[in-house]
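Student: no sequence for this one, just the structure:
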């Protein structure tokens, strides 16, 4: 399963940007979204920026991912 995640654009150089989520930076292609600017939140899928989000929506989505991670940590795995 692939999950597209919101990331914040930290820098742009040509057709690539450096985007960050949770302190982890990745190189992302912005070829499909040349209007992206530093500071924007983008949805990244398979190494490509595919959509721009407003900051509130991006932060809500990231909070949901965080909550999901916490729930998965609490759930018994059946291997104990």
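Tutor: The structure has been received and is ready for your questions. If you're wondering where the values come from, they're calculated on a predicted model, not measured in any experiment.
Student: who does the helix or strand where residue 11 lies touch, helix- and strand-wise?
Tutor: Using DSSP states H and E, residue 11 maps to strand 5-13. In this structure, strand 5-13 makes packing contacts with strand 16-21, strand 24-29, strand 41-45, helix 55-74, judged by 3 or more CB pairs under 8 Å, 6 or more residues apart in numbering; DSSP states H and E. The way it works is simple: take the backbone N, C-alpha and C, and place the C-beta from them, glycine included.
Student: closest to residue 9 out of these?
Tutor: strand 16-21 (5.0 Å; CB to CB).
Student: that closest one vs strand 24-29, what angle?
Tutor: Between the axes of strand 16-21 and strand 24-29, defined by axes from the mean of the first three to the mean of the last three CA atoms, to 10 degrees, the angle is 150 degrees.
Student: contacts for strand 16-21?
Tutor: 5-12, 25-30, 36, 38, 42, 44, 49, 62 (CB atoms under 8 Å, 6 or more residues apart in numbering).
Student: I'd like the helices and strands packed on strand 5-13 as CSV, with mean pLDDT appended.
Tutor: Shown next, in CSV, are the helices and strands packed on strand 5-13 (pLDDT from 0 to 100):
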stretch, mean pLDDT
strand 16-21, 96
strand 24-29, 96
strand 41-45, 93
helix 55-74, 86
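Student: could the ones you listed go into a markdown table alongside mean neighbour count?
Tutor: Putting the helices and strands packed on strand 5-13 into a markdown table (neighbours: other CB atoms under 10 Å) gives the following:
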| stretch | mean neighbour count |
| --- | --- |
| strand 16-21 | 18 |
| strand 24-29 | 14 |
| strand 41-45 | 20 |
| helix 55-74 | 12 |
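Student: and the pLDDT for the residue lying closest to residue 12 once chain neighbours are set aside?
Tutor: Leaving aside its chain neighbours, residue 12 sits nearest to residue 38 (6.0 Å; criterion: CB to CB, 6 or more residues apart in numbering). Looking at residue 38, its pLDDT is 98.
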